[in-house]
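> Provide a 3D model corresponding to the input given below.
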Amino acid sequence: MNRKLIACLMVVVLLFSVTTALPTLAQDDDEVIVIGTNAEYPPFESVDEDGNIVGFDIDLFTAIAEDAGLEIEFVNTRWDGIFTALAQGEFDVVISAATITPEREEEVNFTEPYFNAGQANCRACRPGRRGPNP
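Next up is the predicted model:
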């Protein structure tokens, strides 16, 4: 299957899961959904020269909130403790280029992944060598 098609399908699944869950966060029409993020990981989230939090995650969540008719506020916070702050109610939602780990899943609920970081280890090969053997 084409990688672009898979990526599009993952975004659609994310949009569906978040837009069906977010209205339950807003009890009043005037309530603002507070979103924690660590804006130190471009292109997903960063702070521009004017002090605005920008990036892919920010654009994605802004589009979801607009579609759901919700008012949101992004709060830039430190990465250390971001999930603890979410669990303690400091934020309603967190979006911050986070990988899903079993330890994090014990602390908070995740949507379906919308990006596969494809993390891997690599090392330099000696000249004239190919393959996994040193």
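> Okay, now the unreliable bits of the chain?
Where the chain drops to pLDDT under 70, the residues are 1-30, 119, 126, 128-134.
> Strands of that one, residue ranges please.
Using DSSP state E, the strands of the chain run over residues 32-37, 46-47, 53-54, 71-76, 93-94.
> just how off-centre is the fourth one within its chain?
With C-alpha atoms, centre = their mean, to the nearest Å as the basis, the distance from the averaged C-alpha position of strand 71-76 to the chain average is 14 Å.
> Run through who's touching it.
30-39, 47, 53, 58, 61-62, 65, 91 (C-beta atoms under 8 Å, 6 or more residues apart in numbering). Every C-beta, even on glycine, is put in place using the N, C-alpha and C of the backbone.
> just the strands of the chain: most buried one?
The highest mean neighbour count among the strands of the chain, using mean count of other C-beta atoms under 10 Å, belongs to strand 93-94: a mean of 22.
> Enumerate the sheet neighbours of that strand, specifying parallel or antiparallel for every one.
strand 32-37 (parallel) (DSSP bridges).
> Can I get the strands of the chain in a markdown table including distance to Ala124?
Below are these laid out as a markdown table (distance: least, C-beta to C-beta, whole Å):
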| stretch | distance to Ala124 |
| --- | --- |
| strand 32-37 | 35 |
| strand 46-47 | 30 |
| strand 53-54 | 35 |
| strand 71-76 | 36 |
| strand 93-94 | 36 |
